[in-house]
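A.B. asks: coordinates only, sequence not included:
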């Protein structure tokens, strides 16, 4: 039985707490929040867990083996650092940290103390993304050509981070998971429509080796909620629409075919593009709640001493892309990410 | 009765020829195409029109008052120049010309010869865009905040122009029409997935004075056809979906409201964002074929000596934005457009 | 504070129990279920409520003022009868009873004992139906012409009632609420695709005075879930789609206009139908959970001694229509409902 | 080269004339219409065809081998009779005739004169229906259980036939094609919302041998256009939506599975229904215009002396179902169709 402590019982913390409570191999031992109201809610809903105001106290608790950190991102590093140094395993909500340095240091600490460090990249544990990963890894779409995502809705405006840090981690973690590598360069544009506030809409373009490209359109000020991603492959293409109630992933047997044709008089070879359009299919998706799947994976990694799919390095790569996007957005320049950093 | 000559009888020319034929105030006098097959089609479908191989011959025809140019863009300038110098009115398909200089020279020629110079920015003559223009001009959405468009499909790959020059003119002309001004800076990213060919997917971001921004996502290699534009206003927001069979324009009474709230202990004022969500309405749209509406407008401008909505200046502004986008895409830098150029 | 007892803690009971628990004016005093597992769940989730196996015991409890009955329909009558005779108010899930006689007797008992008798016609308390009722009552659609509903999905097959008794009560209660009167005749067709089991798909047509008609298509064996209703009015028409995440109700300014035209040679008057097509609008809907709204209404009726919107008579009219539909389906004949029964 | 004569050049005639004109094996020799305006249009659009006012004249023309009849249904019989007796092949628009007797007599005449008699059941020649036929015939959906269609829109109100005779032939001919047999009984309900006019909305239920059922919902007074059909099979189910631009046919691997379970104490066997839900796929459909495919088939049958897919017997079965539906609608009774009539 792995003892769990949850630091931060605001919006997301209760979901993680509930999932760990429901799992056979875990026991929720402690919850921490600086807000009295949040602690009152925790007392009502988490019978058997100790409820405290100080992360320090939770971390010091000997019955806590793993610490789940769902605080605002600015204190992720400090809480996770203390937990790792106290020998606890750590699960951090996204984005992993507020800076690249912090993420790197947490990775080093986890390695040093041989503890599991996992980032809550929730989407990669959904049935939809797991199915896409399976299809792409299995070669179903051929060469991966592009990822083009629209993730817009009305709200929630935040005052401490811009829309890129808020919404883009979802796409960046999906990308990181599907491609298994980091971009070589990042471009980004954005705007704030509210005086003195962070950008509320932004467009991030990521360049990968081998003519692969990704684009992420994020917006807090959209009239409708859109969660649509196009994934282009050389053989097939995918439309992933998270707003669809059931057929979230559609695989289209569509694409182009290239043939060299010799133009007679000039004796030169030209490329002719022809179009291929076949069946579409929507694979059945596993409906398990992503957080439950993720929580099980965390427990399993702890038990076996293995690295999680969304380990510290994955979280670091996402933070590095976010930092590059922010830099690109403020400077108007393409930001290159050296391979060395990887 | 205004005599019409159509230069270029390939894909688009027949549509324009048919529309002018059907209008009471016009008479199709001549059609020109260098392809013999195209001329054969023209002979079969345009009884009463002279069919020739040389634009020169058509332009020289005394019964032709106005020349409609639907050739490949690279010869737009040359045909239009000859026609204007011969005292003919000119209607050019989009984009107006292949370079900014050419567009400027045509504007000057039209002014000098006092002839109507119009660009076939078809979309601004659709019921959908006319309704949006009416709503926006009337203040229905409040301040214009952004335009965010996705215009993707499978094909038609072109070898002489990239996807920006092919698909973005639609959005740029709509933007030009709705905003009535040109961007101050343009950023663009794109990629070619086919060796040695122009970019087949691209993202263009345009910055306008006063925190207004536009984004255009164009792609020839998409699994599905998407034609969706979000328009954000300070009071209302629009979803314009050209793939919808009837309700193409939806106006959402949604947005944010800002209130200054004094945080008690610190005595500082903070901005609180609250959300407003009211009715949606989809106005009935005029179903007149856009090309017919446009052809009528061209004839009307010729008869009255007035400037068309999509005059040479509008065409020039679109070409300038296209050129800036291409430059931005190839250099990876933000391209600023000086106000002087306007 | 009104004491609530819930009889039946299977699928629907917990939802009603939770809503009454959350309301300020009510207190959940007791829960009853014959299943031991259900009682265990009730003990875990309803701290402070007495959990019993016998309805008799719950009804006899002096702290229980109102009994919520969510048992299988066949014992609705018996539980409700005991509760009313013991002076309790009663809320019954739909359909109210298994027979018309039972429904009539409960109405009489409620009147005799001056207790509130309410039927859980959940849909009439949703924001969507309340908005439609408001529009229709206010004359927005003109004369009510028809109601045409498709309510199909895969499952849940039942063995004791056919698909009409399972799914049609939703439409019949909405109709009853919108029209305020009962049909004069009912026709129905259906089929069972599973040997020895009740009908799993059925079509019910209801005729109302004044050329009004309703049609309800219900099916447990459909590949997709559809919840779509067309409502025709002489001035406007409504599409009510409960699967839409936000715009569930769309009001179309569409219809026909009739003009008498004199055909010249024959000097006779003919009717010419012309079509009208204007704006569509989707009114903002109140998002309050229907069950919460309904529970509040029940408490309010108890407090004030008023009749609920879905009182026993409304429940009786629905049961009468269900019984007529079943009779029509098995006999293949139109079943007339005498006005006297109303 | 087969000489074609078209009788009736109103709404549908020009489409058939155009398709035969475009085919290599046919030549449009004559067009007939009683309206002068229609004849003027025919003269303009059908160079080379004789244009006449009298069907008699067209039928007498020796260069006409086959007569296409697109007149109002009430004179279908008379024109087709004359044509068959004159030794011409005949293609009739749907519905084949105004009465069952007329349809039977035409079948007999065609047999007697050994001429091809075909009914323009357009939908069975679409890529969508052809694919469904292929899937169903190949066993892909298992046993055919039901067909449930909604075919509604605003307009076009007709004064001589009711909505069943206008819209239901589409579904009845698809059904006839997919099932290859006729219903044993028909029930129908409908209403006219316009005084003195035929029914403008109706619901037709058709019972087939072996627990198969079909339902057709037709309506001229609907706010939106719906063309959606659910087809239930024992193994898979189909959603056929003709309003979808590309994926018109979706095949769902969904259904129920029945297992007999022994309830222990009572030692009786009960049926347990479990649900199966797998992938969905949308097969690529042939995009050939249905009328072209149909015209080719007509020419091919003439050339080879074979029976068309939609021969006179198919047309007769549809007319028989329409007549039964009309009778059922006016009497309120189930109408049985004897097998002998088949």
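C.D. replies: Nice, I can see it. A quick note: this is a predicted structure, and the numbers were derived from the prediction, not measured. Numbering: from 1, shown residues only, chains lettered A, B, ... in the order given.

A.B. asks: only C-alpha atoms for contact and neighbour calcs from this point on.
C.D. replies: Noted.

A.B. asks: Pull the number of nearby residues for the residue lying closest to residue A:74 once chain neighbours are set aside.
C.D. replies: Leaving aside its sequence neighbours, residue A:74 sits nearest to residue A:98 (CA to CA, 6 or more residues apart in numbering or on different chains; 5.6 Å). Residue A:98: 21 surrounding residues under other CA atoms under 10 Å in any protein chain shown.

A.B. asks: and residue A:98, what helix or strand is that in?
C.D. replies: For residue A:98, there is no host helix or strand (DSSP states H and E).

A.B. asks: go on, residue A:254?
C.D. replies: Using DSSP H and E, the element containing residue A:254 is strand A:249-263.

A.B. asks: helices and strands around that strand, which ones?
C.D. replies: Packed against strand A:249-263 by the contact rule (3 or more CA pairs under 8 Å, 6 or more residues apart in numbering or on different chains; DSSP states H and E) you find strand A:237-241, strand A:268-282, strand B:221-233.

A.B. asks: Looking at these, which one is packed in the most?
C.D. replies: Comparing the helices and strands packed on strand A:249-263 by mean neighbour count (mean count of other CA atoms under 10 Å in any protein chain shown), strand A:237-241 ranks first with a mean of 24.

A.B. asks: Do it and chain B come into contact?
C.D. replies: Yes. Using CA under 8 Å from any CA of the partner chain, strand A:237-241 reaches chain B at A:237-239.

A.B. asks: can you give me the helices in the stretch 1-150 of chain A?
C.D. replies: Here the stretch 1-150 of chain A has its helices, by DSSP state H, counting those that start in this stretch, at A:13-22, A:36-45, A:55-60, A:76-85, A:100-113, A:127-137.

A.B. asks: Now do the contacts for the residue nearest to residue A:74.
C.D. replies: Residues in contact with residue A:98 (CA atoms under 8 Å, 6 or more residues apart in numbering or on different chains) are A:73-74, A:76-77, A:319.

A.B. asks: Ok, residue A:27 next?
C.D. replies: If you count contacts by CA under 8 Å, 6+ apart, then residue A:27 has A:1-4, A:20-21 around it.

A.B. asks: What subset of these is buried?
C.D. replies: Applying a neighbour-count criterion of 16 or more other CA atoms under 10 Å in any protein chain shown, the buried members of the contacts of residue A:27 are A:2-4, A:20-21.

A.B. asks: which one of those is nearest residue D:51?
C.D. replies: Taking CA to CA as the measure, residue D:51 lies nearest residue A:20 of the buried ones among the contacts of residue A:27, at 82.1 Å.

A.B. asks: doesn't residue A:293 make contact with that closest one?
C.D. replies: No. Using CA atoms under 8 Å, residue A:20 is not in contact with residue A:293; the gap is 10.4 Å.

A.B. asks: Looking at the helices and strands packed on strand A:249-263, which is nearest to residue C:85?
C.D. replies: strand A:237-241 (54.8 Å).

A.B. asks: partners of the closest one, with directions?
C.D. replies: Sheet pairing for strand A:237-241, assigned by DSSP bridges, gives strand A:221-233 (antiparallel), strand A:249-263 (antiparallel).

A.B. asks: domain ranges for chain A?
C.D. replies: A:2-123+A:290-310, A:124-286+A:320-341 (automatic domain parsing).

A.B. asks: so which of the helices of the stretch 1-150 of chain A gets nearest chain B?
C.D. replies: Closest to chain B of these is helix A:127-137 (CA to the nearest CA; 15.4 Å).

A.B. asks: Return the distance of that closest one from the chain's centre.
C.D. replies: Centre-to-centre, helix A:127-137 and its host chain are 15 Å apart (CA atoms, centre = their mean, to the nearest Å).

A.B. asks: now what about that helix, what contacts it?
C.D. replies: A:123-124, A:141-142, A:144, A:174, A:177-178, A:240, A:248-249, A:283, A:285-288, A:290.

A.B. asks: Among those residues, name the buried ones.
C.D. replies: Applying 16+ other CA under 10 Å to the contacts of helix A:127-137, the neighbour count classes A:123-124, A:141-142, A:144, A:174, A:177-178, A:240, A:248-249, A:283, A:285, A:290 as buried.

A.B. asks: Out of the residues you listed, flag the one nearest to residue C:152.
C.D. replies: Checking the buried ones among the contacts of helix A:127-137 against residue C:152 by CA to CA gives residue A:248 as the nearest, at 20.8 Å.

A.B. asks: what about the residue nearest to the spatial centre of chain A, distance to residue A:96?
C.D. replies: With distances taken as CA atoms, centre = their mean, residue A:173 lies nearest the centre of chain A, 3.2 Å away. Distance of residue A:173 to residue A:96, given as CA to CA, to the nearest Å: 11 Å.
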